Structures are given as structure tokens and as C-alpha cells.
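Chemist: need a structure here:
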Amino acid sequence: MLQSIYRNLLLLFIVSSTLIAQTQTEIIPPYNIKTVTFVQNNANAIPIFKLGEGFQFQFDDLFGNEANYYYEIVHCDYNWNPTDIPKTDYIKGFDVQRIQQYENSINTLQIYSHYKLPLPNQNTEILLSGNYMLKILGEDRVAVFSRKFILYEDLVTIPIQVRRARTADLIDFKHNIEFSVTSNLIRFQNPLKNVKVEILQNGQMNDAIKNIAPQYTIGNDLIYKYDGQTQFWAGNEFLYFDNNDIRSASNNISKIDSSSGIYNSYLYTNGARGYQPYSFTQDVNGNFLVRNISSANSEIEADYAWVYFSLSAPAFMLKKGIYITGMFNNYSLSAENKMDFNPKKNIFEKAILIKQGFTNYQYQVADDKGNIDAKNAIDGNFWQTENDYTILVYYRESSDRYQKVIGKATANSHSITN
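Modeler: This is a model prediction of the structure:
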């Protein structure tokens, strides 16, 4: 009898440990949740914030019924596994609280409720740097969707240099990121094991470069000057449309109507730019701006439109998926953003419901498992492309219970060198 009880308890412990250590992946929002974004200083922001600084999390619910939503914050390690430190150690106050700030849309064909979650707030203050998963819960306290965000401290200096690829065959197509990490506040212990970095291109977390050890050290300086391990395909400038005046066809929009009960914006057909010479286009590196030019408060007065995308691309792309991505949809490789091939027109097509304003977007090639094929990008790879690069440094001493994010640095390829 005691042996049976022991086995059952052991099995329960193993199952519980597996669930606790399960890697956290973002839950894709359902079809009624749109325009999910982090906001800082009244602008959409890549969700990497300095510890102690305020920011907001915002989203729309197209049901427009003022539903109750709650939030939960989970502290994670470098690989997005939940840590085992008590919640009281990283949160002052409480989470799993109802989101109290929301308003209904005004003068829009598509009704919606707009929600705002400021952090910190009167109930919740985050105390530690690190990776976090923000979960939005429904009335039943089950997660409806989730988003990653990262909090960092300023404890290191990270000089960065963006260079063209160090290999001759890729020099026209890739960017190489060289950098170092140094600190007067931390004496690194076993940096090959305890220091980890993450490199992002235009804030995209789904294709970050990770698990790169220092190439060598000079005293307390960690040097990363690799030829291949820190290279990104350069891509091309983002495409855009602007329907801030939702009744007017302009800024890459060929036609507007509202025959379906809400607005429809038909974009001009894009060609595959990978077969054309590089041409500079001013962009905001994937960001977007919600804007109704005729309103006083675009957060609740900007309308939604079905935006019709079309792309003329080689038919062999059918072997993989083509997705329309940007910050407006969190670069999500979901069915909602996957293009369909129209054999009659010989083009790829997709309609996506997007809140009006200025929107950057790109076409990404990926397989069903979410592996992005940047090498065979629809719009090609050009070393002249202007990209933002972000480096995050994680550190955990042998006696620490969690990984701190001890520094962040950014650089732009506009100042690229050979």
C-alpha cells in the first residue's frame, strides 16, 4: 500500500515538474482580438523595456461587449521556461486582476472595445529583470492569448558594429553583427557558461540568434567577432499602405468600398522584388501607427478594414507558405496571415482585417513548422537594406536563482561598414 502511494506521488511530481518546466510559447489571439500591441511614450514599441519604466499593453475586442479580461505575468528564463522563484519575489502586489481601463469604439462601422493595461499599476509592480510572458485571461481564468516582453537593467556596455558579411559569397546579402560586452559593475564568473546573448533584427523574436558564446575574452571584456554565427539575411525594406483617410484610395491603395458592411481596402498587386535591383524606400522597420485623420482619439475612433493583399510570385513558392507579417500581427505565421494561390489570376491573395492607419508589412516564406526561409525571401536580400539590430545580454552567477537581463544595445545598418 505504501509503495503504491509512493509511486503515485512520484508520478505526480514528475508530471507536475514537466508542466512547470514547459517552454512558454505565445498563444495566438482568437479572431475577435485585434491590434495587440505594447505602447510606450504614445507609440507602439518592441516589448523590451528598462526595469522600472512604465508601458501599456493594449488590444481590441471586436465583439464590443465590454467583456471582462484578467492578466497574469509569468517570469521565464533565457529559453522561455517558467522559473521556480515565487511570484512574490518578482511581483510587488498581485496579478490575475481584472483589466479596468476600456472604452467602446465611436463612429466606426466595426464596433470594438479597446482595452489598456498599464504596467506598473496600483495592483502590480514587476521587481526583477528577465523574460516575461503576459497572459490575458477570460472570465473563466483560462488564457485567451499571450505575449512575450523583456525587462532589462543597465549594468553593461555593449559596443556594436554592423558590417557586411565576412564571407565573399554572402557579402551582398547578409549583415554581420560584431559586438563586445564589458562592465565596471559586474565581474563575470565563468562567462562561457553564465553569459548568454540574444540578437534581434527589427525586434522579431521568432528568428532571433541565440546561444552564441563569447569568441574570446580580454580581462572582463567579452568579444563577439564571428564570421558566420552572428549573421542575418539582410532582407529588403518593408512595404506599406496608409488608409488614415479610410474613404480615400491613396498611398498604395487602388480601391475602397464598404459593400460588406465594413470598409474594404484593395492594395495594388506587389511584385517579387528579389528579382529587381535594390531601391530605397523609407519605412519604420515593421512598425505601424493607428490613425484616423478625421478623429480626435484614434484609439477608439479608428475603424477596421479588410485589407486585400495580392502578390505576383513564382509558382514554386507553393511548396512553402507565404505569410503577410509585421508588428501589426506580431509577425505571426498563422493561417489567418497565410496567402492563398489564385490559379485563375496566377497570383497569391489574402484579406486581413486591420485597424486603419500607416502599416508596414512584408512577405515571409516559411514551412508548416514555422521555419522561416530568409535565404529565398520573396523580396530578396540586399546589404543596403536599413535594419535595426538589438542585443540583449543575460547573466546568472552560480549563486543566483534566475537570469538577469543586464543590458540592451541597438544599432542600425544605415552606418554599415565593410
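
Chemist: just the helices in this protein please.
Modeler: With helices called from DSSP state H, the chain shows them at 2-20, 87-90, 191-194, 298-301.

Chemist: pick out the shakiest of the ones you listed, pLDDT-wise.
Modeler: For those, the stretch scoring lowest in mean pLDDT is helix 2-20; its value is a mean of 44.

Chemist: now do the same contact list for Gln201.
Modeler: Neighbouring residues of Gln201 by C-beta atoms under 8 Å, 6 or more residues apart in numbering: His175, Asp207, Ala208, Phe232, Gly235, Asn387, Asp388, Tyr389. The way it works is simple: take the backbone N, C-alpha and C, and place the C-beta from them, glycine included.

Chemist: cool, Ile186 as well?
Modeler: Ile186 makes contact with Leu155, Val156, Asn220, Tyr395, Ile406, according to C-beta under 8 Å, 6+ apart.

Chemist: can you tell me how far the nearest residue to Arg401 once chain neighbours are set aside is from Gln403?
Modeler: Setting aside the residues directly before and after it, Arg401 is nearest to Ile85 in space (C-beta to C-beta, 6 or more residues apart in numbering), at 5.3 Å. According to C-beta to C-beta, to the nearest Å, Ile85 stands 11 Å off from Gln403.

Chemist: and for Asn236?
Modeler: For Asn236, the distance to Gln403 - C-beta to C-beta - is 35 Å.

Chemist: what's the answer for Asn252, then?
Modeler: Distance from Asn252 to Gln403, by C-beta to C-beta: 43 Å.

Chemist: those two: which is more packed in?
Modeler: Between Asn252 and Gln403, Gln403 has the larger neighbour count (other C-beta atoms under 10 Å), namely 23 against 14.

Chemist: any idea how this protein splits into domains?
Modeler: 24-152, 160-234+384-415, 239-366 (automatic domain parsing).

Chemist: nearest to Ile378, of the ones you listed?
Modeler: Nearest of those to Ile378, taken as C-beta to C-beta: domain 239-366 at 4.2 Å.

Chemist: measure the closest one end to end?
Modeler: End-to-end distance of domain 239-366 (C-alpha to C-alpha, to the nearest Å): 18 Å.

Chemist: can you check stretch 370-388 too?
Modeler: For stretch 370-388, the first and last residues are 22 Å from each other (C-alpha to C-alpha).

Chemist: what mean pLDDT does that stretch get?
Modeler: Taken as a whole, stretch 370-388 has an average pLDDT of 94.

Chemist: do stretch 116-130 as well
Modeler: For stretch 116-130, the mean confidence score works out to 97.

Chemist: that stretch: how far from the chain's middle?
Modeler: For stretch 116-130, the separation from the chain centroid amounts to 20 Å (computed by C-alpha atoms, centre = their mean, to the nearest Å).

Chemist: repeat for stretch 124-144
Modeler: On C-alpha atoms, centre = their mean, the centre of stretch 124-144 falls 17 Å from the chain's centre.

Chemist: okay, it in CSV with CA atoms only?
Modeler: In CSV, the C-alpha atoms belonging to stretch 124-144 read as follows (Å, rounded to 0.1, in the frame of the first residue of the first chain):
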residue,chain,number,x,y,z
THR,A,124,1.2,45.2,-9.9
GLU,A,125,4.8,46.2,-9.9
ILE,A,126,7.5,44.0,-11.5
LEU,A,127,10.7,43.8,-9.5
LEU,A,128,13.1,41.7,-11.5
SER,A,129,14.6,41.9,-14.9
GLY,A,130,14.2,39.0,-17.3
ASN,A,131,11.9,37.3,-19.8
TYR,A,132,8.1,37.5,-19.0
MET,A,133,5.0,36.0,-20.6
LEU,A,134,1.9,38.2,-20.2
LYS,A,135,-1.2,36.1,-20.4
ILE,A,136,-4.7,37.6,-20.9
LEU,A,137,-7.3,35.5,-19.3
GLY,A,138,-11.0,35.3,-19.9
GLU,A,139,-13.9,35.2,-17.3
ASP,A,140,-13.0,31.5,-16.6
ARG,A,141,-9.4,32.5,-15.9
VAL,A,142,-8.2,30.5,-18.9
ALA,A,143,-5.6,32.1,-21.2
VAL,A,144,-7.2,33.7,-24.3
